[in-house]
Structures are given as structure tokens and as C-alpha cells.
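*Asks:* The following block contains a protein sequence and its predicted model.
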Amino acid sequence: MEKAEEWINYGLDLAKDFGPKLITAILIYLVGMWVIKKVIKGTRKVMSKSKYDESLQKFLLNLFSWALKVFLIIVVISRLGVDVTTFAAVIAAAGLAVGLALQ
């Protein structure tokens, strides 16, 4: 019985400490995805009026969408209390590799 009380108290403490962070992270994610959809929709309208090739437009929109989503995920993970400097370094290295490969 005493062990069960310890587990319940541990769970309540964990919920009290981590719950607000989790709720905030979920809200940031939902609002961020909504904003990304609106930004991509607006960018698509602007790009459709330009004289760029349609396949280039799709590629750039897809690239822009993925970049925004990765940034959003980093923000959400950061809000949960995880150190994101390692993620940023990996993403920077991947970006450098892709940039050099496209040359």
C-alpha cells in the first residue's frame, strides 16, 4: 500500500512539473502548423503568378514547408526542456551537405 502511494505521489509530481510544458508544447505545435499552412498557401499564390517553372515552384514550396516544420519541431522540443543545440548542429551539417551536393 505504501508503494502505491509513492507511485501516485510520483505521478502527481511529474504531472505537476511536466504537464504545463506538455500542454504549451502541444499548443505551440497546433498553432505553428496552422501558421505554416497559411504561409505556404500565400507563398503558393505569389509563386503561381511568377514565371518560374511549375516543378521549381513545387520544389521550393516543399523545401520551404519542410524547413518551417523542422524549425517548429525544434521550438516544440525546446519548450519541453530538451537541449536543442545538438539538433541545430546536425541540421546545419545536413544543410551544408545538401548545399554542396547541389553545386
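*Replies:* On my side now, so go ahead.
*Asks:* so what secondary structure elements neighbour the helix or strand where residue 14 lies?
*Replies:* With secondary structure defined by DSSP states H and E, residue 14 is part of helix 2-48. The contact analysis (3 or more C-beta pairs under 8 Å, 6 or more residues apart in numbering; DSSP states H and E) places helix 2-48 against helix 54-79. In short, each C-beta sits where N, CA and C put it, glycine included.
*Asks:* how far does the lowest-mean-pLDDT helix or strand in the chain sit from the chain's center?
*Replies:* Ranked by mean pLDDT, DSSP states H and E, the helix or strand of the chain with the weakest confidence is helix 85-101, at a mean of 84. Counting by C-alpha atoms, centre = their mean, to the nearest Å, helix 85-101 is centred 16 Å from the centre of its parent chain.
*Asks:* Restricting to C-alpha, output that helix in CSV.
*Replies:* C-alpha atoms of helix 85-101 as CSV (Å, rounded to 0.1, in the frame of the first residue of the first chain):
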residue,chain,number,x,y,z
THR,A,85,21.9,22.6,-29.8
THR,A,86,22.8,19.2,-31.0
PHE,A,87,19.8,19.1,-33.3
ALA,A,88,20.8,22.5,-34.6
ALA,A,89,24.3,21.3,-35.4
VAL,A,90,23.0,18.2,-37.2
ILE,A,91,20.6,20.2,-39.2
ALA,A,92,23.3,22.7,-40.1
ALA,A,93,25.6,20.0,-41.2
ALA,A,94,22.9,18.3,-43.3
GLY,A,95,22.1,21.7,-44.9
LEU,A,96,25.7,22.2,-45.8
ALA,A,97,25.9,18.7,-47.3
VAL,A,98,22.8,19.3,-49.4
GLY,A,99,24.1,22.7,-50.5
LEU,A,100,27.4,21.2,-51.6
ALA,A,101,25.7,18.4,-53.3
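*Asks:* Since that was my last question, I'll sign off now.
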